[in-house]
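In: With the input below, show me the fold.
(one chain, ligands or ions: 2)
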Amino acid sequence: MKCRTCGKEANIRLSAYNTALCADDFLIFLERRVTRAIQKYNLIEKTDSPLVAVSGGKDSLSLWYILNNAGFPADGIYIDLGIDEYSRVSFEKAKLMADRLGRRIYRFSLPALFQKGIGDLSKAMRRAPCSLCGVLKRYLMNRACVDCGYTVLATGHNLDDEASALFGNLLYWKEAYLYKKSIALEGKGDYLAKKVKPFFLCSEREVAAYAILRRIDYVYEECPYSVGAKTLLYKELLNKIEITSPATKIRFVKGYLDRVKEQEARPDPGRCTRCGYPSYTETCNVCRLFERFGTGEALHIERYEPAQAATTHDISIEADAAQ
Ligand code: Q46
Ligand code: ZN
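Out: Ligands and ions are numbered 1, 2, ... in the order given. Here you go, the predicted structure:
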């Protein structure tokens, strides 16, 4: 198996593109896919100041790395869910990348804000941890982006995440969610940040290979609450289909992108009467949580400055007709 670009021995087979590449050319290939998606879908402008949602996993750390090396200087936001060792290790990995890039990282901590981690908080609220976690992460990341002066929030959702979410939403005809999954969701006023997913068309396997080849130190363990999640089953099913019919996932997600209408993608939410941030109800879920479990103090965000100078390499965003 030879590398399509240089003819050397290939290291990775990309069945969806019916090709194979050596390690060096694969890194260039993936970085170009990301920068082209940024250009094609107008995800981030050169004048933007992006904030990356960093979990300590391979996707978010690789995205943070790529953006900074592609000329989009970005800081990170980490949400500490208070899941003991998992949260501690995840934040360590996030800080390592902050140091490597020479970028700042912000942190919201659920135990500091609510005196409980996501496990106890979800028990107290009689709500599934992942559903509550989703609400909190959306709120806190939006607050970090808007309040700290960033113009766009970038998340590391990859092709497999999007294909499995789309599959699940179609399977149960969750039409209300169907149009909220686009590659970019525009912001509104001074209270809702623009959200983008530059890895939308990059598979989980591709991002994992990228992280390993770039020696990105990420947390291997999954969040303990992900065990048994339906999205994992959907990912497995889609990967089985992919084996016999390569490129199914990317066609599925690209077909969605062609159909999704931006106007419908983000129905105008109202604003919470207490905090002023997006809410479909008079008082948002998070203000209600603060009322019950908060410390009574203002929302507190921690800020970590990088410990050492940045070590980066440049990634070109010029179009390359050969790819
Ligand atoms: S939602 Fe659920 Fe994830 Fe939150 S509680 Fe963990 S598994 S981290 S993407
Ligand atoms: Zn509120």
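In: what residues does the stretch 201-323 of the chain put near ligand 2?
Out: Neighbours of ligand 2 within the stretch 201-323 of the chain, by Cβ under 5 Å from the ion: 272, 274-275, 284, 287. C-betas here are computed from N, CA, C, even on glycine.
In: Give the buried subset of these as a ChimeraX selection command.
Out: Selection of the buried residues among those in ChimeraX, burial being defined by 16 or more other Cβ atoms under 10 Å:
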select :272,275,284,287
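In: just so I have it, where are all the helices in the stretch 201-323 of the chain?
Out: With DSSP state H, counting those that start in this stretch as the criterion, the stretch 201-323 of the chain has helices at 204-213, 230-244, 248-259, 262-265, 285-293.
In: deepest of the ones you listed, which one?
Out: Of the helices of the stretch 201-323 of the chain, the one with the most neighbours on average (mean count of other Cβ atoms under 10 Å) is helix 204-213, at a mean of 19.
In: That one packs against which elements?
Out: Here helix 204-213 touches helix 23-40, helix 58-69, helix 159-171, going by 3 or more Cβ pairs under 8 Å, 6 or more residues apart in numbering; DSSP states H and E.
In: Export only the CA atoms of it, formatted as CSV.
Out: As requested, the backbone C-alpha atoms of helix 204-213 are provided in CSV (Å, rounded to 0.1, in the frame of the first residue of the first chain):
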residue,chain,number,x,y,z
GLU,A,204,-13.2,9.8,14.8
ARG,A,205,-10.5,7.4,13.5
GLU,A,206,-8.9,10.2,11.5
VAL,A,207,-8.8,12.6,14.5
ALA,A,208,-7.4,9.8,16.8
ALA,A,209,-4.7,9.1,14.2
TYR,A,210,-3.9,12.8,14.1
ALA,A,211,-3.6,13.1,17.8
ILE,A,212,-1.3,10.2,18.1
LEU,A,213,0.9,11.4,15.2
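In: Name the residues that touch that helix?
Out: Here helix 204-213 makes contact (Cβ atoms under 8 Å, 6 or more residues apart in numbering) with 12, 14, 23, 26-27, 30, 58-59, 61-62, 156, 158-161, 199, 216, 218, 235.
In: Buried ones only from these, please, as a PyMOL command.
Out: Filtering the contacts of helix 204-213 down to the buried ones (16+ other Cβ under 10 Å) takes a single PyMOL command:
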select buried, resi 12+14+26+27+30+58+59+61+62+156+158+159+160+161+199+216+218+235
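In: hmm, back to that, would you convert the residues of the stretch 201-323 of the chain next to ligand 2 into JSON lines that also reports pLDDT?
Out: What follows is those, written out as JSON lines (pLDDT from 0 to 100):
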{"residue": "272", "pLDDT": "96"}
{"residue": "274", "pLDDT": "94"}
{"residue": "275", "pLDDT": "93"}
{"residue": "284", "pLDDT": "96"}
{"residue": "287", "pLDDT": "95"}
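In: Which single residue of the stretch 101-250 of the chain approaches ligand 2 most closely?
Out: residue 139 (7.8 Å; Cβ to the ion).
In: Quick check: residues of this protein near ligand 1?
Out: Listed as neighbours of ligand 1 in the chain under the rule Cβ under 6 Å from any ligand atom: 118, 129-130, 133-134, 223, 225-226.
In: now do 8 Å
Out: Contacts of the chain with ligand 1, taken as Cβ under 8 Å from any ligand atom, map to 55, 81, 83, 118, 129-130, 132-134, 137, 222-226, 229.
In: ok, the residue in the stretch 151-300 of the chain positioned nearest to ligand 1 - how many residues close by?
Out: Nearest residue of the stretch 151-300 of the chain to ligand 1 (Cβ to the nearest ligand atom) works out as residue 223 at 3.1 Å. Neighbourhood size, residue 223 [other Cβ atoms under 10 Å]: 19.
In: Number the residues from 8 up from this point.
Out: Shifting the count to begin at 8 puts that one at residue 230.
In: quick one: contacts for it?
Out: When contacts are counted by Cβ under 8 Å, 6+ apart, residue 230 touches 88, 90, 93.
In: And for residue 285?
Out: For residue 285, the contact set (Cβ under 8 Å, 6+ apart) comprises 149, 195, 198-199, 276-279, 291.
In: do the same with residue 154
Out: Residue 154 neighbours (Cβ under 8 Å, 6+ apart): residue 308.
In: hmm, try it at 10 Å
Out: 113, 197-198, 200, 284, 306, 308 (Cβ atoms under 10 Å, 6 or more residues apart in numbering).
In: Quick check: ChimeraX command selecting the buried ones in those residues.
Out: Buried residues within the contacts of residue 154, by 16+ other Cβ under 10 Å, are selected in ChimeraX with:
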select :113,198,200,284,308
